[in-house]
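# No letters, just coordinates:
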Ligand code: IPD
């Protein structure tokens, strides 16, 4: 039986190596390989190459595990562990040269089904800043040797991170939702990488994050970081984070934010 700490060691090594590869490709110049759900939803050649690297490394180290990646899809394993991977979260930032993108790797117990898995280990690595956020279940969330803890929100209100996704039809409702959140927000941040938004909640750099329309690979690792930093992560009321909604913050602010949001199950 492999421990969560062992899985975290593997995720950490592969995140560092794949992050260096992505950074190298960024220096050489970014090629947009295709668009996905919308014209703004791009995939670069580096997304594909980096995911292929991560997948090959995991297959070598952990041949019985399943895999679920943004660019190459899902494959069931036999061990009960599945790796959930976003090779470059924040691809638009990556393409524009904004230094807020990350490799996100999580090991979960269960299948590629957000509703049923338990995350065991997670790493979010920003190769530009060199910051590597990590957590193993039960072992706390860490940035280097600094143990992370979610913030307490003061009377100025919460610093709230969010995102708007790529589907233009959702933008109007998302802006209406944001206007409902503003009375409890001191300000808003749109960082452009869900995994870094969640890592920022864990580190107390923002007080909360919410977004509708994300995918499992965007939040698998980051959600564990928040939980291990003492925060709460949810989706539809009482439910798990999912495509309909992801909310993350310290427990008190969570209960103020959740009633202001719309949910899709
Ligand atoms: C996207 C980013 C973005 C969020 C989108 C995600 P990608 O991931 O995390 O911040 O708003 O919903 O899809 O496409 O850059 O891997």
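Perfect, I can see it now. Keep in mind that what you see is a predicted model, and the values were worked out from it rather than measured. Numbering: from 1, shown residues only.
# What ranges does the stretch 151-265 of the chain have for its helices?
171-181, 194-202, 216-228, 251-257 (DSSP state H, counting those that start in this stretch).
# Could you identify which of those helices is most buried?
helix 194-202 (a mean of 32; mean count of other C-beta atoms under 10 Å). In this view, the C-beta of every residue, glycine as well, is placed from N, C-alpha and C.
# Give me the helices and strands touching that one, please.
Other helices and strands packing on helix 194-202, by 3 or more C-beta pairs under 8 Å, 6 or more residues apart in numbering; DSSP states H and E, are strand 81-89, strand 102-109, strand 118-126, strand 131-136, strand 158-162, strand 208-211, helix 216-228, strand 246-249.
# Okay, now the sheet partners of the fourth one, with direction.
The sheet places strand 131-136 alongside strand 118-126 (antiparallel), strand 141-143 (antiparallel), with pairing taken from DSSP bridges.
# Following element in sequence after the last one, please.
Next along the chain after strand 141-143, taking DSSP states H and E as the criterion, comes strand 146-147.
# which residues are contacting that following strand?
140-141 (C-beta atoms under 8 Å, 6 or more residues apart in numbering).
# again, only this time at 7 Å
Contact partners of strand 146-147, identified using C-beta atoms under 7 Å, 6 or more residues apart in numbering, comprise residue 140.
# Over it, what's the mean pLDDT, rounded is fine.
If you average the pLDDT over strand 146-147, you get 98.
# Which helix runs longest in this protein?
Taking DSSP state H as the criterion, the chain has its longest helix at helix 4-28.
# Would you mark the buried spots in that one?
Across helix 4-28, burial judged by 16 or more other C-beta atoms under 10 Å covers 4, 7-12, 14-16, 18-19, 21-23, 25-26.
# Output the set of residues of the stretch 151-265 of the chain in proximity to the ligand.
Residues of the stretch 151-265 of the chain lying close to the ligand by C-beta under 6 Å from any ligand atom are 163, 165, 192-194, 211, 213-214, 218.
# hang on, isn't residue 243 packed against residue 211?
No - using C-beta atoms under 7 Å as the test, residue 243 is too far from residue 211 to be in contact (10.1 Å).
# Looking at the two, which is more packed in?
Comparing residue 243 with residue 211 by other C-beta atoms under 10 Å, the one with more neighbours is residue 211, at 23 against 16.
# Which neighbouring elements make contact with the longest helix of the chain?
helix 45-61, strand 102-109, strand 118-126, strand 131-136 (3 or more C-beta pairs under 7 Å, 6 or more residues apart in numbering; DSSP states H and E).
# now the next helix or strand after it, how far from the centre of its chain.
Downstream of helix 4-28, the next assigned helix or strand under DSSP H and E is strand 32-35. For strand 32-35, the separation from the chain centroid amounts to 21 Å (computed by C-alpha atoms, centre = their mean, to the nearest Å).
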